[in-house]
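Engineer: Everything below, folded, please.
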Amino acid sequence: SYNEGSACISRDGKTLFFARCNSPDSYGDCDLFVSMLQADSTWSRPKNLGENINSVAWDSHPSLSHSEDTLYFASDRIGGFGLSDLYYSIKGENGWTSAKNMGPILNSRGSEVSPFYHYMDDVLYFSSNGQNLNFGEFDIYKAYYQQDMWQEPQNIGPLVNGVGSEFYFTIDSNSEDLFYARSEGNLMANLDLYSFPLPMGAQPLANTKVTGSLLNEENGKPFKGIVSIIDLDNGIEVAPKFLRPDGSFEFNLINNNNYLLILQGDEFFRIEELFYLNGATEFHKPTSPISSKMKFE
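Structural biologist: Here you go, the predicted model:
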């Protein structure tokens, strides 16, 4: 008779974590609970995960790591960096340890919610309205765990994120499709479920950097234009980008694949280059403007 949601389940399908709100056995308005699948195929009476995880505030959106020894969740408890932060708890011999804030690299002054830990790779996806690059209200980001620390979150791009809000990101087991909730306008107005072929920006293995620039070889000034990359091996869609004001560009791609780089603009002839990505790669393209190649009689 209460309000339950935001569930995640263990790999064997026998342990269910979820949020329950307005329950008399809660510490705050929403707490995290767990239920076990019993031998008769019924679920056990939900058990509050306790004060090591739950607080007197709002605690929700649980997500298990692929090793199932770490539980990630969102909370607006006192002591965070913003309105709602991401937290984690590690399962030890005596149960779940005291929850810890995931730190200022992931958490902003805004709200971070709905974490999803990739089932194989050390990649955490989550929604936020406080990161540096944002296309709308809440956008979906990904962050890698490398060198014993979380790296700067990356927006997964405009093919998924729009002017509204995107939440509750998840991926199928083959990393072919993503599923999420989306609103076209206001924060939580008319959330619908969407699916989308997983674009390059959201791919868990797209962590090899490709950078470059396009400058006018006559005066060294940057060109304006659009840079596109085509994945020739897998057909994964890569969102095109405008060249930055300094003429530079940057992509994160899947390593050991064949790609086609295309540069287009009004002031220079179209440039195409095939390349095989084997580690971080740079392209610096000085070219002459169209006006220098045209002769009028």
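
Engineer: switch to C-alpha atoms for all contacts and neighbour counts from now on
Structural biologist: Will do.

Engineer: I'd like the secondary structure assignment at residue 158, please.
Structural biologist: Here residue 158 is recorded as coil under DSSP: H, G, I helix; E, B strand; the rest coil.

Engineer: wait, it sits on residue 135?
Structural biologist: Yes - counting by CA atoms under 8 Å, residue 135 is a contact partner of residue 158 at 7.1 Å.

Engineer: Go ahead and name everything in contact with stretch 28-47.
Structural biologist: Stretch 28-47 is contacted by residues 13-23, 48-49, 53-60, 62 when judged by CA atoms under 8 Å, 6 or more residues apart in numbering.

Engineer: Restricted to buried residues, select those residues in PyMOL.
Structural biologist: Entered in PyMOL, the line below selects the buried ones among the contacts of stretch 28-47, by 16 or more other CA atoms under 10 Å:
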select buried, resi 15+16+17+18+19+20+21+48+49+53+54+55+58+59+60+62
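
Engineer: Filter the contacts of stretch 28-47 down to the ones in helices?
Structural biologist: Here DSSP state H is the test, and the contacts of stretch 28-47 give no hits in helices at all.

Engineer: among the contacts of stretch 28-47, which are in strands?
Structural biologist: Among those, DSSP state E puts 15, 16, 17, 18, 19, 20, 21, 48, 59, 60, 62 in strands.

Engineer: any idea what sits nearest the last one, other than its immediate chain neighbours?
Structural biologist: Just to be clear, that refers to residue 62. residue 73 (4.4 Å; CA to CA, 6 or more residues apart in numbering).

Engineer: which residues touch that neighbour?
Structural biologist: Contacts of residue 73 (CA under 8 Å, 6+ apart): 59, 60, 61, 62, 63, 86, 87, 88, 113, 114, 115.

Engineer: So what's the predicted local confidence for the fifth one?
Structural biologist: If I follow you right, that is residue 63. Looking at residue 63, its pLDDT reads 96.
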